[in-house]
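Peer 1: okay, predicted coordinates and the sequence, questions at the end:
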Amino acid sequence: MDIKKYKSHDRLLLAVDCIIFGFDGKQMKALLIKRDFEPEKGKWSLMGGFVHKDENVDEAAARVLKELTGLTNIYMEQVFCFGDTHRDSAGRVVSIAYFALINIEEYNEQLSSNHEPCWFPLTKIPPLIFDHKQMVKKAKDTLQQKVANHPIGFELLPKRFTLQQLQNLYEAIYETPLDKRNFTKKILSINVLKKLKEKEKESSRKGAFYYVFDRATYAQLQHEGIKFI
């Protein structure tokens, strides 16, 4: 191995940035923090950090998420590599972006207050540092494509949910209303939901039955190319 060949090339920093999506029952939101160091100190930012020499990029993203949420079992997926030469005013930094999905109600109390985290609706994202707004848009586009064929949206819901809650989620992700009758017919025809005996009675006097996602059935049907929406 010619070590000199390696040393003759430019060195750069590798970072990860995490777009953390949540759903509050009506709106899709992103979790942002106040940057606590220069450059751009005090401005809104995604949660990120540099990749350590003893970890791969997935491990780095998981570490960053744990530092903010205290959780280790979050759904996470790589989105894109952002490598514009002038994306970071402090130096040459390439960043690999990830999106993560968490249930706001379940995990909100576990969020670290060290970075002043705050949930923002995707329609009201404030100005962000560097190219972080591009990262959010790319992550949102990726999420919209992914949920059409994969059940990752259930990560944003409570373990048991009503069909109306599920429809609210998909409408929030796609930012468009869906026909209730067609949506219900489609989602039930896939046979990946289990109907429970319990009802949610806060929204109406009659109440709506709760459902849970049947992961075992989904695993059996996955090879057939299920299309959710």
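Peer 2: Received it, and whenever you're ready, just let me know what you need. Numbers count the residues shown, from 1 in each chain.
Peer 1: what does stretch 117-125 rub up against?
Peer 2: Applying Cβ atoms under 8 Å, 6 or more residues apart in numbering, the external contacts of stretch 117-125 come out as 22, 24, 27-33, 47, 68, 104, 111, 126, 133, 136, 140, 175. No exception for glycine: its C-beta is placed from N, CA and C like everyone else's.
Peer 1: just the buried ones among these, please.
Peer 2: For the contacts of stretch 117-125, a burial check counting by 16 or more other Cβ atoms under 10 Å picks out 22, 24, 27-33, 47, 68, 104, 111, 136, 140.
Peer 1: my guess is Ser95 meets Val16, correct?
Peer 2: Yes. Under the criterion of Cβ atoms under 8 Å, Ser95 makes contact with Val16 at 6.6 Å.
Peer 1: now for these two: what residues contact both?
Peer 2: Gly48.
Peer 1: I'd like the next helix or strand past the lengthiest helix in the chain.
Peer 2: In the chain, with assignment by DSSP state H, the single longest helix is helix 132-147. With elements assigned by DSSP states H and E, the helix or strand that comes after helix 132-147 is helix 163-174.
Peer 1: show me where this protein has strands.
Peer 2: 13-23, 28-34, 44-45, 47-50, 75-82, 93-103, 118-121, 193-200, 208-213 (DSSP state E).
Peer 1: strands paired with the first one, and their directions?
Peer 2: Sheet pairing for strand 13-23, assigned by DSSP bridges, gives strand 28-34 (antiparallel), strand 47-50 (antiparallel), strand 93-103 (parallel).
Peer 1: got those as JSON lines, with mean pLDDT and distance to Lys5 columns?
Peer 2: JSON lines is the format used below for the strands paired with strand 13-23 (pLDDT from 0 to 100; distance: least, Cβ to Cβ, whole Å):
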{"stretch": "strand 28-34", "mean pLDDT": "94", "distance to Lys5": "40"}
{"stretch": "strand 47-50", "mean pLDDT": "94", "distance to Lys5": "25"}
{"stretch": "strand 93-103", "mean pLDDT": "95", "distance to Lys5": "20"}
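Peer 1: can I get the ones you listed in TSV including distance to Asn73?
Peer 2: As requested, the strands paired with strand 13-23 are arranged in TSV below (distance: least, Cβ to Cβ, whole Å):
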stretch	distance to Asn73
strand 28-34	17
strand 47-50	17
strand 93-103	10
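Peer 1: give me the low-pLDDT residue ranges for this structure?
Peer 2: Applying pLDDT under 70 to the chain flags the ranges 1, 108-115, 222-229.
Peer 1: what is the neighbour count of Lys137?
Peer 2: Neighbour count of Lys137, defined by other Cβ atoms under 10 Å: 13.
Peer 1: same question for Ser8.
Peer 2: Count around Ser8 with other Cβ under 10 Å applied: 8.
Peer 1: now it: how far from Val94?
Peer 2: 19 Å (Cβ to Cβ, to the nearest Å).
Peer 1: and Thr123, by the same measure?
Peer 2: 30 Å.
Peer 1: buried residues in stretch 12-29?
Peer 2: Applying 16+ other Cβ under 10 Å to stretch 12-29 flags 14-24, 27-29 as buried.
Peer 1: what sits up against stretch 212-225?
Peer 2: Here stretch 212-225 has contacts from 149, 151, 154, 159-161, 190-194, 196, 226, using Cβ under 8 Å, 6+ apart.
Peer 1: swap that for stretch 160-178, sorry
Peer 2: Residues contacting stretch 160-178 (Cβ under 8 Å, 6+ apart): 23, 25-28, 122-123, 143-144, 147, 153, 156-158, 180, 183-184, 187-188, 196, 198, 200, 203, 208-212, 228-229.
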